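Peer 1: here's a sequence, model it:
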Amino acid sequence: GVIDEGTNDFDDDGDGYTENEGDCDDAAPDVSPDGTEIAGNDIDIDMRGFNRTQINHVSPNQETALAFGNARGIAPIIQVRDLEFPEDEGCAMLFDRSGGRGIATTEWPKHPGDRMVGYAGGISPDNILDVLKAVDSSGPYWLDMESGLRTDDVFDLDKCEAVAKAVYG
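Peer 2: Numbering: from 1, shown residues only. Modelled structure (predicted):
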């Protein structure tokens with residue numbers, strides 16, 4: 001059959017890739033999964049060397065995230081802001097009610113079962129023990145402390161040490 005224009009299965013820019021095949025800008029023929037990296041343009045085309053990527057969006061689409069990841073051989077992680085993890089469709093899930101802004105939350109979603117999920121949102125050396133008590137640890141999980149481990153937007157090893165001391169003594 002014929003693929004209709006305007007769908008994610010149509011190659012709008014003629015570069016050989018559709019949005020469902022990982023083309024992150026299907027209006028630009030010079031942007032594709034195997035395109036040339038251009039220094040300074042803030043578009044990461046070549047994902048070789050990465051194992052996973054986090055996709056932050058208000059309402060992420062697992063199918064699109066999987067297509068993006070599969071086209072690059074990487075595992076997508078999508079950000080979840082609701083107090084319930086969505087059904088597993090192949091993407092890893094990271095709960096972050098603040099949307100990557102590092103704002104602490106007091107509510108955490110129930111763990112969905114056997115799959116690995118992450119918890120984030122203002123986690124730092126100051127609140128790590130409270131967070132560990134509050135999150136549902138009934139299944140495998142990780143903690144994302146990106147903003148809580150930085151000082152002046154630089155990764156702070158002293159804060160990492162403070163977390164380790166708080167958790168392990």
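Peer 1: distance of residue 7 from residue 99?
Peer 2: 29 Å (Cβ to Cβ, to the nearest Å). From N, CA and C alone the C-beta is placed, and that goes for glycine too.
Peer 1: ok, residue 126 next?
Peer 2: 21 Å.
Peer 1: so residue 7 and residue 99 - more neighbours on which side?
Peer 2: residue 99 (14 against 11; other Cβ atoms under 10 Å).
Peer 1: name the element that one belongs to?
Peer 2: Using DSSP states H and E, residue 99 falls within no helix or strand.
Peer 1: can you check the pLDDT for it?
Peer 2: We have a pLDDT of 83 for residue 99.
Peer 1: isn't it up against residue 59?
Peer 2: No. Residue 99 lies out of contact with residue 59 (Cβ atoms under 8 Å); the separation is 11.2 Å.
Peer 1: what's the burial count for the closest residue to residue 129 other than its chain neighbours?
Peer 2: Sequence neighbours aside, residue 166 is the residue nearest to residue 129 in space, at 5.7 Å (criterion: Cβ to Cβ, 6 or more residues apart in numbering). For residue 166, the neighbour count with other Cβ under 10 Å is 15.
Peer 1: again, but for residue 71
Peer 2: Applying other Cβ under 10 Å, I find that residue 71 has 20 neighbouring residues.
Peer 1: any idea how far the spatially closest residue to it that is not a sequence neighbour lies from residue 83?
Peer 2: Leaving out its chain neighbours, the residue that sits closest to residue 71 by Cβ to Cβ, 6+ apart is residue 22, at 2.3 Å. If you measure residue 22 against residue 83 using Cβ to Cβ, the figure is 31 Å.
Peer 1: this structure: helices as residue ranges?
Peer 2: Using DSSP state H, the helices of the chain run over 62-72, 128-134, 157-168.
Peer 1: check contacts around the spatially most central residue of the chain.
Peer 2: For the chain, the residue sitting closest to the mean C-alpha position, by Cα atoms, centre = their mean, is residue 54 at 2.0 Å. Residues near residue 54 by Cβ atoms under 8 Å, 6 or more residues apart in numbering: 76, 77, 78, 79, 94.
Peer 1: next one: it from residue 93, what distance?
Peer 2: Using Cβ to Cβ, which is the criterion applied here, residue 54 is 10 Å from residue 93.
Peer 1: shared neighbours, the two?
Peer 2: Counting by Cβ under 8 Å, 6+ apart, the residues touching both residue 54 and residue 93 are 77, 78.
Peer 1: done for today, thanks.
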